[in-house]
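> Below is the sequence, then the predicted model.
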Amino acid sequence: MKLYLNVPFAEKEEAKRLGARWNPELKLWFVEIKDTVPSPLYRWLIEEADYNLLAEDYSIVMASKPCWKCHEQTIVTTFILDRYYELVHFDVDEGETFFYNWQDVHNLSFVSNITALDPSVLAKMGEANSHYRKTYSKALEGSYFANNCTHCGMLQGDFNLYQEPSSIFYDCRDSEKFEKIITIDKPFKAKGNTALTAGSPEGIMIKIVGS
Ligand SMILES: [Zn+2]
């Protein structure tokens with residue numbers, strides 16, 4: 001697999017000597033490894049990142065449904081990614097330590113439960129739906145980027161939009177439910193959930209050799 005590394009600019013020649021190559025989309029160095037991380041690479045492992053999803057382009061999907069509160073038809077919008085990178089958590093030494101790695105995903109997926117969003121992506125969404133904004137959820141006791149009713153302003157929570165088979169954003173292949181799909185040829189950056197996040201085991205184990 002490709003192991004992505006946070007290599008400071010001053011150390012790039014050293015990284016290259018250790019076999020690292022440059023990924024211009026992620027703006028990160030990477031090396032091809034099997035199931036172990038060679039110890040000279042430890043210091044460059046990714047320990048934190050502002051976002052867990054990155055893509056070169058994305059789509060905004062618009063649909064309409066009755067508001068759960070006032071029952072008027074309201075616009076709801078979401079993002080669809082096609083090919084993207086997702087940050088995956090790896091446990092090391094039986095969970096004693098961990099690092100993150102970017103996984104290249106070729107899978108159509110909605111993005112839900114977004115807690116951080118690149119300002120340019122938020123601006124594009126705002127053009128499509130002026131009622132999409134960071135909203136406090138009493139149920140979650142926290143804020144996330146969400147839809148709000150265009151009539152009464154009430155939060156249209158992600159659980160109701162994505163989780164149930166009857167939900168409007170349950171299946172992203174169900175495109176006859178959508179009124180409009182806008183493709184945007186600009187980078188996408190967010191912290192949120194995809195179908196992969198929902199379906200993959202947290203903390204894939206990986207062995208580190210040496211010390
Ligand atoms: Zn309403």
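Yep, it's here. Numbers count the residues shown, from 1 in each chain.
> Please name the bridge partners of Asn193.
In this entry, Asn193 is beta-bridged to Ser112, by DSSP bridges.
> Arg83 now?
His106.
> okay, and the helix or strand of this protein with the least pLDDT?
strand 204-205 (a mean of 41; mean pLDDT, DSSP states H and E).
> Please list the outside residues in contact with stretch 66-79.
58-65, 110-112, 114, 121, 125, 128-129, 131-132, 147, 149-152, 154, 156, 160-161, 168-169, 188, 190 (C-beta atoms under 8 Å, 6 or more residues apart in numbering). Bear in mind the C-beta positions are built from the backbone N, C-alpha and C, glycine included.
> Just the buried residues of the longest helix along the chain, please?
Ranked by residue count and defined by DSSP state H, the top helix of the chain is helix 119-128. Residues 121-122, 124-125 are the ones in helix 119-128 that count as buried (16 or more other C-beta atoms under 10 Å).
> do you know how far the most centrally placed residue in the chain is from Ser64?
Central residue of the chain (C-alpha atoms, centre = their mean): Leu53, 3.0 Å from the mean position. Using C-beta to C-beta, to the nearest Å, Leu53 is found at 26 Å from Ser64.
> now the strand or helix carrying Leu87, how far from the chain's geometric center?
Element membership of Leu87 [criterion: DSSP states H and E] is strand 73-92. When distances are taken as C-alpha atoms, centre = their mean, to the nearest Å, strand 73-92 is centred 4 Å away from the chain's centroid.
> is it fair to say Trp22 lies in a strand?
Yes: Trp22 forms part of a strand when assessed by DSSP: H, G, I helix; E, B strand; the rest coil.
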